[in-house]
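A.B. asks: Give me coordinates for this.
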Amino acid sequence: MSAPPSPVQTDMAPFPSPGPSPLVINKRDSISSNNASGQPMNTTLSRKLKKVLEIKTDQADFLSALTHLSSFYDSNTVHARRTLRDGIERRGIEVNQALLVAYQDVQDRLAEVTADVKTMRQTCDDMSRRLIQTREGSGRLIEAASALRAEQMHNEERAKIVAAVLQRFQLSEDEQAALNASGPTLSMAFFDALKKVHTIYQDCRLLLRTHHQRAGLEIMDLMNNHLEMAYRKLYRWVRDEAARTLDTTSAAQHRDSPEVHPLMPTALRTLQERPVLLAYCIDEIGSNRSKAIVKAFVNALTVGGPSGLPRPIEMHAHDPMRYVGDMLAWLHQAIASERELLIGLVGSGEDAVALPPPVASADPDRRSSMSAAPSSPGMATSPPPTAIHRSHSVIGIPGESQNHDSSHSPSVSSSSSSASASASSLPNARHTPHSASNTALGRVLSMAFDAVCRPFKVRVDQVLTMKESDVTGSNAAISLVTIYRLANLLDFYTRTIASLIDSTSSLSQTLVDAKHDCLKTFYTHVKTYTDSLLRTPPAPPADLMPAVPVRDAITRLLSDLIATFNASLVPIEERTSEFSPVLDAVMSPLLQLCTLSATMHPLDLSSMAVYMINSISAMQAALATYDFTAPRVEMLNGHVESHMDTLVEEQTSVLLGRCGLRPKLALIQFRDSQGPLNLVPGMDRQSVLEAVLHFESTLVDLGALVLPLPQIDMLSSPRLRSQARRQVLHLVSIAYATFYDAITDPANKYID
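C.D. replies: Below you'll find the model as predicted:
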């Protein structure tokens, strides 16, 4: 409700227009006049009037309020103005009543809403109470679920651990089936399963270090049974496979190399965990290959190749070099082929199968000791006391195959540096105890060629026996050269094969024995040959050149021996010591033969010296072009110098005798008295004058430029002839100077 109007406003009539009220203006004027007249006014009234007068009547809100207020009465009368407050209050009451009536429905609705809210509140309180109860129940459920979830996760972890343990310490069904599979063949799954069994066995050692020792022992026992069964099965398979594929019997099959099962190398490497079984397999492979190779070697000797090409080696038995060379070339090519085959089978270098200890040849399936499992799969079982110790190892790399034609095979000297011309001085060439090979390749390769040693050695001995009958004949020198070439050829293949097969193998020892037998035969026959020459020394020819036997020994024996050795592969630093025994065996008897020829037949000292110089020069000519004969050439130079001194002295003495100065020089050199020389008999002035005249006439008759020295002219070497002439002239000039000094010496009292 609005406030009642002020008293001033009750006396005011409604304003018909927005202009200022005349009453207000009149009152303002009246108040102003009163103020002007100086009459005092009530302070309250004055303040109210002032407030009224300050009202701005031209504002829109004020005018709108006055317009609305004029609607409260119909006429602007005094009564109407006096009852304006009542009217306004009455109008306010009416408005309030209408408002109450209008708000009654709202109140009713609000009451309904309040009731609904109260109901909702009760419902919410009930729901809250139920939620609290549910939350309490859910908390226990969540705790139980969390505990179950944690237990589930723990069980899952345990399940994973159990699965990992089972996977690590237990074989799957497929792996057990691969290990227990029956049949003659193996697959890669078998080796994978065996590898896993071995891994499980090794891992069980870790369990023994924990509190799971019982489980570790049980698993180890089970895995050990699997290992023993698998290794026995693997051994039988390797043995059968080796017998099936490696025991070829024809030469053609051997040359083409057998087709090895692709799992054989894997099987042999796997058997390294059982050294005894591996040793049996290695010996089985070596035995099978030995049978195949000896059969192929015999076929090559007697049958030849397919359709007769190449021809049998024994068809060339009449030609020792071709015969032995073809056998050696076949062996060298067979070793190279066999080595390539075995490298693919057992590997080489760091990838090679480790060599097991030597074992007895008994079948391990029949040995009761094999049934007992070792404490560890990597522990080697001790070899039986009857083990056959072999010594085969491989050195170097495979070489190229050699042609069967021995004419293309270079020769190598095989004489020992400690050998001499006597056969008894040869070094002992017997077999020495074999050292153990360090690879399976060496053992198998050595075993494979053990069987060919005897047939090869027998045939080499037959060749040497056949050549013995030719040594005493006219072709003795040729036979000796042939024997030496055989020894050289054997030495060459001994050195060549040493890069493919162990030097302590049976084949290498056989080649060494054959070489030393050839050398022994060679030195024996050289001694026989030279002894036959020394028994009947030849007479020196009239031209004092080397005798025919000496010349033949130099050109047909010594030169060929040197040329043969020069073509060898002996290292340069070893050549001198290697060939020295051969030179001792040949040259010492030749020098002795020349000396006997010169002394046993009537020759003067000059002729003897010329003959010896010519013979030694012929030997030097055969040796001079080779470095390894330099020490021997130096020794022969000493002999030549010695004989040259003899020749020069004799020729000087002859020349001085022909000139008449030799008696005079003898008197000058060997006179007894110390008096004047002209008092010595034969040295008087007249005798000296005659000697000088004779010397001058002799020089004029002989010719001053070219002195006729027939002994010196018979030297075969132009260099030695020139050297001898210079030395003779030098000695003559020295002798004449001595004679001249003695004559011109005043103490000897020769006047004019």
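A.B. asks: Tell me the helices and strands packed up against the top helix by length along the chain.
C.D. replies: Using DSSP state H to define each element, the chain has its longest helix at helix 84-169. When contacts are defined as 3 or more C-beta pairs under 8 Å, 6 or more residues apart in numbering; DSSP states H and E, helix 84-169 packs onto helix 7-10, helix 188-208. For the C-beta atoms, the positions are set from N, CA and C on the backbone; glycine is no exception.
A.B. asks: Can I get these in JSON lines including mean neighbour count?
C.D. replies: Shown next, in JSON lines, are those (neighbours: other C-beta atoms under 10 Å):
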{"stretch": "helix 7-10", "mean neighbour count": "14"}
{"stretch": "helix 188-208", "mean neighbour count": "17"}
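A.B. asks: I'd say Ala630 and Thr576 touch.
C.D. replies: Yes - Ala630 lies in contact with Thr576 (C-beta atoms under 8 Å); the separation is 7.5 Å.
A.B. asks: Which one's more surrounded, those two?
C.D. replies: Each of Ala630 and Thr576 has its neighbours counted (other C-beta atoms under 10 Å); Thr576 has more, 18 against 12.
A.B. asks: residue contacts, that one?
C.D. replies: Neighbouring residues of Thr576 by C-beta atoms under 8 Å, 6 or more residues apart in numbering: 628-631.
A.B. asks: And the furthest pair within the residues you listed?
C.D. replies: Phe628 and Pro631 (8.6 Å; C-beta to C-beta).
A.B. asks: ok, those two, which is more surrounded?
C.D. replies: Phe628 (23 against 13).
A.B. asks: How much space separates the more buried one from Gln122?
C.D. replies: Distance, Phe628 to Gln122, by C-beta to C-beta, to the nearest Å: 131 Å.
A.B. asks: Repeat that for Gly139.
C.D. replies: Gly139 is 26 Å from Gln122, by C-beta to C-beta.
A.B. asks: ok, now Arg47?
C.D. replies: Arg47 is 60 Å from Gln122, where distance means C-beta to C-beta.
A.B. asks: what do you get for Thr524?
C.D. replies: Counting by C-beta to C-beta, the gap from Thr524 to Gln122 is 140 Å.
A.B. asks: Leu511 now?
C.D. replies: 120 Å.
A.B. asks: what do you get for Gln509?
C.D. replies: Gln509 is 118 Å from Gln122, by C-beta to C-beta.
A.B. asks: out of the two, which sits in the more crowded spot?
C.D. replies: Comparing Gln509 with Gln122 by other C-beta under 10 Å, the one with more neighbours is Gln509, at 20 against 10.
A.B. asks: Work out for me the element that one sits within.
C.D. replies: In the assignment (DSSP states H and E), Gln509 maps to helix 506-535.
A.B. asks: where exactly do the strands run in the stretch 501-650 of the chain?
C.D. replies: For the stretch 501-650 of the chain, no strands are identified by DSSP state E, counting those that start in this stretch.
A.B. asks: Apart from its neighbours in sequence, what residue is nearest Gln723?
C.D. replies: By the measure of C-beta to C-beta, 6 or more residues apart in numbering, the closest residue to Gln723 outside its immediate chain neighbours is Met644, 7.2 Å from it.
A.B. asks: For the one you found, the count of nearby residues, please.
C.D. replies: The burial count for Met644: 21, using other C-beta under 10 Å.
A.B. asks: That one: what's it in contact with?
C.D. replies: 609, 613, 720, 723-724, 727.
A.B. asks: Tell me how many other residues crowd the spatially closest residue to Cys518 that is not a sequence neighbour.
C.D. replies: Sequence neighbours aside, Ala487 is the residue nearest to Cys518 in space, at 3.5 Å (criterion: C-beta to C-beta, 6+ apart). As a burial measure, Ala487 scores 28 neighbours (other C-beta under 10 Å).
A.B. asks: Name the residues of the strand or helix carrying Ala487 that come out as buried.
C.D. replies: Per DSSP H and E: Ala487 is located in helix 476-497. By 16 or more other C-beta atoms under 10 Å, the buried positions in helix 476-497 come out as 476-497.
A.B. asks: Quick one: list the elements packing against that helix.
C.D. replies: With 3+ C-beta pairs under 8 Å, 6+ apart as the test, helix 476-497 has helix 320-346, helix 453-468, helix 506-535, helix 559-566 packed against it.
A.B. asks: Which parts of the longest one count as buried, going by neighbours?
C.D. replies: Put plainly, it is helix 506-535. 506-526, 529-530, 533.
A.B. asks: list the contacts for Leu647?
C.D. replies: 606, 609-610, 613, 711-712, 724.
A.B. asks: would you turn those residues into CSV with pLDDT and neighbour count?
C.D. replies: Below are the contacts of Leu647 laid out as CSV (pLDDT from 0 to 100; neighbours: other C-beta atoms under 10 Å):
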residue, pLDDT, neighbour count
Ser606, 88, 22
Ala609, 91, 28
Val610, 92, 32
Ile613, 92, 26
Gln711, 84, 18
Ile712, 86, 24
Ala724, 89, 23
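A.B. asks: From those residues, which land in helices?
C.D. replies: Using DSSP H, the contacts of Leu647 in helices are 606, 609-610, 613, 711-712, 724.
A.B. asks: List just the nearest of the residues you listed to Leu667.
C.D. replies: Ser606 (24.4 Å).
A.B. asks: quick one: contacts for the closest one?
C.D. replies: With contacts defined as C-beta under 8 Å, 6+ apart, the neighbours of Ser606 are 646-647, 650-651, 654, 711.
A.B. asks: Apply 7 Å and report the result again.
C.D. replies: For Ser606, the contact set (C-beta atoms under 7 Å, 6 or more residues apart in numbering) comprises 647, 650-651, 711.
A.B. asks: likewise Ala547?
C.D. replies: Counting by C-beta under 7 Å, 6+ apart, Ala547 has contacts 538, 540-541, 597.
A.B. asks: how about those residues, which pair is most distant?
C.D. replies: Pairwise over the contacts of Ala547, using C-beta to C-beta, the maximum falls at Pro541 and Ser597, 9.9 Å.
A.B. asks: Same drill for those two, tell me which one is more crowded.
C.D. replies: A count of neighbours by other C-beta under 10 Å puts Ser597 above the other of Pro541 and Ser597, at 25 against 14.
A.B. asks: what's the closest non-adjacent residue to the more buried one?
C.D. replies: Pro537 (4.5 Å).
A.B. asks: For that neighbour, give me the pLDDT.
C.D. replies: On the pLDDT scale, Pro537 is placed at 89.
A.B. asks: could you dump the contacts of Ala547 to CSV with distance to Lys457?
C.D. replies: Output for those, formatted as CSV (distance: C-beta to C-beta, whole Å):
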residue, distance to Lys457
Pro538, 40
Pro540, 46
Pro541, 46
Ser597, 42
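A.B. asks: So which of these belong to helices?
C.D. replies: Checked against DSSP H, the contacts of Ala547 include these in helices: Ser597.
A.B. asks: Low-confidence ranges, this structure, go.
C.D. replies: 1-41, 73, 247-257, 355-438, 467-475, 672-675, 700-708, 751-752 (pLDDT under 70).
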